[in-house]
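*Asks:* quick one, what's the 3D model for this:
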Amino acid sequence: MNQIKLRCSSYMLLLLLFSLCLPYKAAAYLSSERRALLAFSAAIHHGNKLNWRLGTPTCSSWIGVTCTADGTRVVAVRLPGIRLLGNIPKNTLGRLGALQVLSLRSNELTGTLPSDVASLPSLRFLFLQHNNFSGHVPSSLSSSLNTIDLSSNGFSGEIPAGISNLSRLITLNLENNFLSGPIPDLRLPRLKHLNVSSNNLNGSVPFSLQRFPKISFIGNLQLCGPPLPQCPALLPSPSPTSPLPPLPSLPLEHKKSSSKRFTAGAIVAILVGVLALFFLIVITLLLCIFKRKIDSPMKRQRERFQVLEEVRNLKKNTAVEFKGEQNKLFFSTVVPITLTWRTF
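*Replies:* Sure thing, here's the model as predicted:
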C-alpha cells in the first residue's frame, strides 16, 4: 500500500515538474523564433517597413507575423509587396519549425531559395511569386505542402522529381522561369492546378498531366503531346506504362526574355512607322503649300495677261467698228452730192 502511495506521489511530482517546465519550453521556442525573424529582418533591405523590435510583443504587434492561439509558436509570415530587397539567409526563416504559411510574393528578393525554408516540416503554403530568385528549385520539399507558387522568377534547371512525392499538393505554379528538361511524371491525385508555361521545358507531356488544359504548358517550344500538338513521328505517344524519352535539348533563349525582346522590337517598329507616316504627311503638306505659293503669282500673272489681251482685242474691235461707221457716214454724204451735181 505504501509503495502504491509512493508511486502515485512520484507521478504527481513528475506531472507537476512537467507542467512547470512547459511554459519555459514554450517561451524558449518563441524566443528562438523571434531571433530568427530578427536575423531575417537584419539581412534584407525593407525601408523600415518592418516594425520588428525586441522590446515589442512578437505575436501581437509585429507586422505580418501570426502565432498560435497560445502565442508560443510562429505559424505564418505574410509580407507581400513591401519591397523587400536581398537574399534570404540560411538559418533565419528556416528556423521557424511550426511555420505553415510563408508569403513573400511581389517583392525584390534575389539569390537562391534556402533548402531549410522549402523543407520546413509544417509548411503548407509557399508564395514566392514575382521576385528575382535564381538557381535551382530545392530538391528537398516539405511533404506537408499544399500550394507552391514560384512563378515569375529566374529559377533554372530541371523540375525536381521529388515533387512527385508531395501527396498533399493541390496547386503547383512554376510559370515564367528558366526551367528546362522534361516534366516529371507527377501522379498526384489531389493536384488541381498546374502551370509550367513559359519555360524551356522539352519532351512529351506526361500522361498523368494530359488532363490539364493547353494553357498550362504553352510557351515551351520543345514540349509536345496532348494537350499540345502531337510529338514528331520519331517519338512514341506517351503512355501510362512507358515513359517518353525527352527531345534533345537545344540552346534556346528563355521564352520570357524573347517575348520581352519581341515586344520591345514591335513597339520600336510601330513608333518608327508612325513617325515616318507623320513626316510623310508633313512633307506632303509643305510641298502643297509651297506649290500653291509658287502657282498663285503665276496664275495671277496669266490672268492679268488674259485681261490685257481681252482689252486689246476690245480696243481693236472698237476701232474697226468706229472706222466702219465713219466710212458709212462718208459714203452716205458723198453719194447725194454726186447725184445732185449730175442733175445740174
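*Asks:* count the residues that sit near the closest residue to residue 180 other than its chain neighbours.
*Replies:* The shortest distance from residue 180 to any non-neighbouring residue, by Cβ to Cβ, 6 or more residues apart in numbering, is to residue 200 (4.3 Å). Heads up, the C-betas are built off the backbone N, CA and C, glycines and all. When neighbours are defined as other Cβ atoms under 10 Å, residue 200 has 23 of them.
*Asks:* ok, residue 200 to residue 217 distance?
*Replies:* Using Cβ to Cβ, to the nearest Å, we find residue 200 at a distance of 12 Å from residue 217.
*Asks:* who touches both of those two?
*Replies:* By Cβ atoms under 8 Å, 6 or more residues apart in numbering, residue 200 and residue 217 have no common neighbours.
*Asks:* what about the strands in the stretch 51-200 of the chain?
*Replies:* For the stretch 51-200 of the chain, the strands defined by DSSP state E, counting those that start in this stretch cover 65-67, 74-78, 85-87, 101-103, 108-111, 125-127, 132-136, 147-149, 154-157, 171-173, 178-181, 193-195, 200-204.
*Asks:* using CSV, lay out those together with distance to residue 278 and mean pLDDT.
*Replies:* CSV is the format used below for these (distance: least, Cβ to Cβ, whole Å; pLDDT from 0 to 100):
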stretch, distance to residue 278, mean pLDDT
strand 65-67, 56, 96
strand 74-78, 50, 97
strand 85-87, 42, 96
strand 101-103, 48, 98
strand 108-111, 39, 97
strand 125-127, 47, 98
strand 132-136, 39, 97
strand 147-149, 45, 98
strand 154-157, 39, 97
strand 171-173, 44, 98
strand 178-181, 40, 98
strand 193-195, 42, 98
strand 200-204, 40, 96
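*Asks:* with distance to residue 287 as new columns, can those be given to me in TSV?
*Replies:* TSV is the format used below for the strands of the stretch 51-200 of the chain (distance: least, Cβ to Cβ, whole Å):
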stretch	distance to residue 287
strand 65-67	72
strand 74-78	65
strand 85-87	56
strand 101-103	63
strand 108-111	53
strand 125-127	62
strand 132-136	53
strand 147-149	60
strand 154-157	53
strand 171-173	58
strand 178-181	53
strand 193-195	56
strand 200-204	53
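*Asks:* out of those strands, which is the most enclosed?
*Replies:* strand 200-204 (a mean of 23; mean count of other Cβ atoms under 10 Å).
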